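[1] my questions are about this predicted structure, shown below with the sequence.
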Amino acid sequence: MNNALPALALAGLLAPAAWAETLVVEADGYVDVVAGRVVSPAVIVVEGEKIAAVNPASRPAGARTVALPGHVLLPGLMDDHVHLNYIIDEGWETEPVRFTGADFALRAIPHAEKTLQAGFTTVRDLGTGLGFSDVALMKAIDRGWVAGPRVIPAGHALSTTGGHCDQSTGLGPGIVPPDFSSGTADGVDEVLKAVRYQVKHGAKVIKICATAGVLSFEGPAGAQQYSLEELRAAVDEAHRHGLRIAAHAHGTEGIIASSEAGIDSIEHNSMMTDEAAAIILKNGNFVTPNMHLIDALDPASLPPLLAQKQRYLAPLAVESFQRALKNGLKVAFGTDAGVFPHGDNAKEFTARVKHGDTPLNAIRSATIVNAELLDTPDRGRIEAGLLADVIAVAGNPLEDVRLLEDVRFVMKGGVVYKAPQ
């Protein structure tokens, strides 16, 4: 007889008790992201925080069953570009001088829970303001203090003085003095110090802003800001510490320099030419487009300079995404959530399909591709021995990718955080 498991609010707070029992999750099928098909039926045995067996010949005696009729299971989704303590709201431009690290960390808590409830069990947080608040959030989630996805934090993003990730850009002189400890670094020596400082205080990935951007008060969005020499220094130092490195890069020259420097993932990638695509293919970098952001970020809501940059880049970003698909680049899944509301991450799937991707390819980008990029081989597939990060939707997402915008069941590490009522 099956014992249906009720929905558990903030189940992560009950994790020790949950890990003590064996669970069986049964559904109509599960998405085999490697084979590219739905396998039916689905019987997943979970012991502790890992998957013990998939469709075994017999079930373990005494296991509690989570019955999900009418649902299809998938691996927990991964978003490689979020800003959990960030949100575009009134006064966001001056938060660096009004907020402390504690403010940023506390604001991130409900955003983290919304992200988990949306089916994203792993995220990479690429820069979240002051005070290593993303590192604090990672620790709070890992300790079971709050509910949220597994967080891979970057600490402070590296920026040239006056560059995209210099939080004092646009403010008066001296209000926020630039300093390598907050990521503002010029020249190879300061870049090395800045990378080392982020690692010292808990960063698990390094982010560097290779070009100007949209939501910052500096020059053209595509302008290259870090030199090839500086980018290579950051890459070498990050890799020496065993960390991956991501580069914010909109403009063609900055994209090419990031690729040649050995950057692991090029974020946004908005002005990628055929030449740049060929170089990226040769070097094997990942690229992370943000298609939903194009529709979600209304230029009318931005200051005039930023609105102008957004209108200019949006059509070029669509062309670059289509060029990435055409050239067979390694396209990762990242959303820039925080620029739009947290919890809407899965709208990226629909946007990608709208612009020429397939549902399977989009789902693979948020599972097996991101598992490779993030160097997390213990997740991204429903297989024995991997982490029990499992979600469910009411139907076949390979036929209708919009189903991923309504995740009905979320399990992270063997703990149920969301279940159908």
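    Yep, it's here.
[2] helices of the stretch 251-400 of the chain, start to end?
    Along the stretch 251-400 of the chain, the segments classed as helices by DSSP state H, counting those that start in this stretch run 252-261, 274-283, 291-296, 304-326, 347-354, 359-364, 370-373.
[3] ranking those helices by burial, who's on top?
    Mean neighbour count, computed with mean count of other Cβ atoms under 10 Å, is highest for helix 252-261 among these, reaching a mean of 24. C-beta coordinates here come from the backbone N, C-alpha and C atoms, glycine included.
[4] what's the mean pLDDT across stretch 362-369?
    Averaging pLDDT along stretch 362-369 gives 98.
[5] so how far is the first residue of that stretch from its last?
    Length of stretch 362-369, first residue to last, Cα to Cα, to the nearest Å: 10 Å.
[6] can you check stretch 217-236 too?
    Stretch 217-236: ends 30 Å apart by Cα to Cα.
[7] residue 398: which of the helices of the stretch 251-400 of the chain is closest?
    Smallest distance to residue 398 across the helices of the stretch 251-400 of the chain (Cβ to Cβ): 5.2 Å, for helix 359-364.
[8] just how off-centre is that closest one within its chain?
    16 Å (Cα atoms, centre = their mean, to the nearest Å).
[9] what's the answer for stretch 119-135, then?
    In terms of Cα atoms, centre = their mean, the gap separating the centre of stretch 119-135 from the centre of its chain is 9 Å.
[10] picking up where we left off before, tell me which of the helices of the stretch 251-400 of the chain lies nearest to residue 141.
    helix 370-373 (18.2 Å).
[11] make TSV from the helices of the stretch 251-400 of the chain and add distance to residue 403 to it.
    Formatted as TSV, the helices of the stretch 251-400 of the chain follow (distance: least, Cβ to Cβ, whole Å):
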stretch	distance to residue 403
helix 252-261	33
helix 274-283	31
helix 291-296	16
helix 304-326	22
helix 347-354	9
helix 359-364	9
helix 370-373	19
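[12] for residue 154, what are its contacts?
    Residue 154 is in contact with 124-128, 134, 198, 203-207, 246, counting by Cβ atoms under 8 Å, 6 or more residues apart in numbering.
[13] format those as TSV; extra columns: pLDDT.
    Listed next are the contacts of residue 154 as TSV, based on pLDDT from 0 to 100:
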residue	pLDDT
124	98
125	97
126	96
127	85
128	73
134	95
198	96
203	96
204	98
205	98
206	98
207	97
246	98
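[14] show me where pLDDT drops low in this structure?
    Within the chain, the segments meeting pLDDT under 70 span 1-20, 91-95, 129, 165-181.
[15] quick check: which element contains the nearest residue to residue 42 once chain neighbours are set aside?
    Spatial nearest neighbour of residue 42, chain neighbours left out: residue 30 (3.9 Å); criterion: Cβ to Cβ, 6 or more residues apart in numbering. In this structure, residue 30 sits in strand 22-32 according to DSSP states H and E.
[16] against which helices or strands is the helix or strand that comes right after that strand packed?
    Note on strand 22-32: by DSSP H and E, the next helix or strand toward the C-terminus is strand 37-39. Under the contact criterion of 3 or more Cβ pairs under 8 Å, 6 or more residues apart in numbering; DSSP states H and E, strand 37-39 touches strand 22-32.
[17] what residues sit buried inside the strand it packs on?
    Residues of strand 22-32 classed as buried by neighbour count (16 or more other Cβ atoms under 10 Å): 22, 23, 24, 25, 26, 27, 28, 30, 31, 32.
[18] repeat that for stretch 197-215.
    197-199, 203-215.
[19] now for residue 399: which residues touch it?
    Shown in contact with residue 399 (Cβ under 8 Å, 6+ apart): residue 359.
[20] ok, back up a step: out of the contacts of residue 154, which are inside strands?
    Counting by DSSP state E, the contacts of residue 154 place 124, 125, 205, 206, 207, 246 in strands.
[21] pretty sure the third one is touching residue 124, no?
    So that's residue 205. Yes: at 5.9 Å, residue 205 counts as touching residue 124 under the criterion of Cβ atoms under 8 Å.
[22] now do the shared contacts for the two.
    Shared contacts of residue 205 and residue 124 (Cβ under 8 Å, 6+ apart): 152, 154, 246, 374.
[23] for those residues, work out which two are farthest apart.
    That would be 154 and 374, which, of the shared contacts of residue 205 and residue 124, are the farthest apart (Cβ to Cβ) at 12.1 Å.
[24] measure stretch 115-132 end to end?
    Counting by Cα to Cα, you get 20 Å between the two ends of stretch 115-132.
[25] all strands of the stretch 1-150 of the chain, in order?
    Secondary structure of the stretch 1-150 of the chain, counting by DSSP state E, counting those that start in this stretch: strands at 22-32, 37-39, 42-47, 50-54, 64-75, 77-82, 120-125, 150-153.
[26] now the ones you listed in TSV, with distance to residue 398?
    Formatted as TSV, the strands of the stretch 1-150 of the chain follow (distance: least, Cβ to Cβ, whole Å):
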stretch	distance to residue 398
strand 22-32	7
strand 37-39	6
strand 42-47	14
strand 50-54	18
strand 64-75	9
strand 77-82	15
strand 120-125	19
strand 150-153	25
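[27] and those strands: which comes nearest residue 96?
    Nearest of the strands of the stretch 1-150 of the chain to residue 96, taken as Cβ to Cβ: strand 120-125 at 16.9 Å.
[28] closest to residue 391 out of the strands of the stretch 1-150 of the chain?
    Residue 391 sits nearest to strand 64-75 of all those, at 5.4 Å, using Cβ to Cβ.
[29] give the buried residues for the closest one.
    Of all the residues in strand 64-75, those buried under the rule 16+ other Cβ under 10 Å are 65, 66, 68, 71, 72, 73, 74, 75.
[30] closest to residue 413 out of the residues you listed?
    Nearest to residue 413 among those, with distances taken as Cβ to Cβ, is residue 75, at 12.8 Å.
[31] what sits against the nearest residue to the closest one once chain neighbours are set aside?
    Closest residue to residue 75 apart from its sequence neighbours, by Cβ to Cβ, 6+ apart: residue 367 at 4.9 Å. Neighbouring residues of residue 367 by Cβ under 8 Å, 6+ apart: 33, 74, 75, 77, 78, 380, 381.
[32] at 6 Å what do you get?
    Neighbour list for residue 367: 33, 75, 380 [criterion: Cβ atoms under 6 Å, 6 or more residues apart in numbering].
[33] what of residue 412?
    Applying Cβ under 6 Å, 6+ apart, the residues near residue 412 are 121, 389.
[34] phi first, then psi, for it.
    Dihedral angles of residue 412 (phi, psi; degrees, to the nearest 10) stand at phi -130, psi 120.
[35] hang on, residue 86 packs against residue 338?
    Yes: between residue 86 and residue 338 there is a contact under Cβ atoms under 6 Å: 3.6 Å.
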